[in-house]
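**Student:** just coords:
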């Protein structure tokens, strides 16, 4: 088993995100799917890394933000055999059963944004509203062992209430989602302004650090190695 990061550049290479690809017994598991219309970008990176899309068996979603689930619907449409895995809490937002916390937050913030930020605020709300809902095939909770018992689900709330990270004891590795980002050569909390609960986000970051892993695969900032 191994984990590789998939650097996805966009906005004229000004921005990069790092979805993770888990390889286990020739089966592929993708963690998070980028923004809308990122399917081809991610496919290209997987193929460039020497793997075939027909072996993609699972997609794990750390949380429902638009830069993580934007292309989930497209993946499920193109590869209908894929099993989509997310936490019990996030599943309700991803499948559309409940209005997303991020949309509620954005709508509340819009009322207090200065005039020069109103346009962006309205655009962001529209982005969230345009996300296509996708049913979740497997709902997981803190402590669940998945992927042939090689991966432990770690609840890391704060950024969103049902956020999960993934711990691989045999690889001494963690896939952090947005519970941790690589910033100035250290692990930090993802954009505090977007944390739904900053105190819980701090606790979740501490929880991941306490795992004392050697490698942290951060969606923002890339791989951090102690």
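**Tutor:** Everything's here; your move. Just so you know, these numbers come straight off a predicted model, no measurement behind them.
**Student:** show me what contacts the nearest residue to residue 183 once chain neighbours are set aside?
**Tutor:** Spatial nearest neighbour of residue 183, excluding adjacent residues (C-beta to C-beta, 6 or more residues apart in numbering): residue 221 at 5.8 Å. For glycine as for every other residue, the C-beta is placed from the backbone atoms N, C-alpha and C. Taking C-beta atoms under 8 Å, 6 or more residues apart in numbering as the criterion, residue 221 is in contact with 18, 181-183.
**Student:** Try it again at 10 Å.
**Tutor:** 16-18, 176, 180-188, 190 (C-beta atoms under 10 Å, 6 or more residues apart in numbering).
**Student:** Would you mind writing the PyMOL command to select the buried ones in those residues?
**Tutor:** PyMOL command restricting these to the buried ones, with burial defined by 16 or more other C-beta atoms under 10 Å:
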select buried, resi 17+18+176+180+181+182+187+188+190
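**Student:** Identify, from the contacts of residue 221, the entry nearest to residue 118.
**Tutor:** Distances from residue 118 to the contacts of residue 221, taken as C-beta to C-beta, are shortest for residue 190 (24.2 Å).
**Student:** and that closest one, that's in a helix?
**Tutor:** No. Counting by DSSP: H, G, I helix; E, B strand; the rest coil, one finds residue 190 to be coil, located in no helix.
**Student:** ok, longest helix in this structure?
**Tutor:** helix 115-129 (DSSP state H).
**Student:** just checking, what packs against that helix?
**Tutor:** Secondary-structure packing of helix 115-129 (3 or more C-beta pairs under 10 Å, 6 or more residues apart in numbering; DSSP states H and E): helix 66-69, helix 101-110.
**Student:** Tell me which of those helices sits most buried.
**Tutor:** Mean neighbours per residue, mean count of other C-beta atoms under 10 Å, is largest over the helices and strands packed on helix 115-129 for helix 66-69, with a mean of 23.
**Student:** average model confidence for that helix?
**Tutor:** Mean per-residue pLDDT for helix 66-69: 94.
**Student:** Tell me which residues are up against it.
**Tutor:** 10, 15, 17, 19, 31-36, 38, 59, 61-63, 75, 84, 86, 90, 93-94, 100, 102-103, 124, 127-128, 130-134, 160, 163, 177-178, 219-220.
**Student:** got the buried residues for the host helix or strand of residue 208?
**Tutor:** When secondary structure is defined by DSSP states H and E, residue 208 falls within helix 198-210. Across helix 198-210, burial judged by 16+ other C-beta under 10 Å covers 200-201, 204-205, 207-208.
**Student:** Ok, stretch 216-224 next?
**Tutor:** 216-221, 223-224.
**Student:** Now do the buried residues in the longest helix of the chain.
**Tutor:** Here helix 115-129 shows 121, 124-125, 127-128 as buried, counting by 16+ other C-beta under 10 Å.
**Student:** Now find how far off-centre that helix is within its chain.
**Tutor:** For helix 115-129, the gap between its own C-alpha mean and the chain's C-alpha mean amounts to 22 Å (C-alpha atoms, centre = their mean, to the nearest Å).
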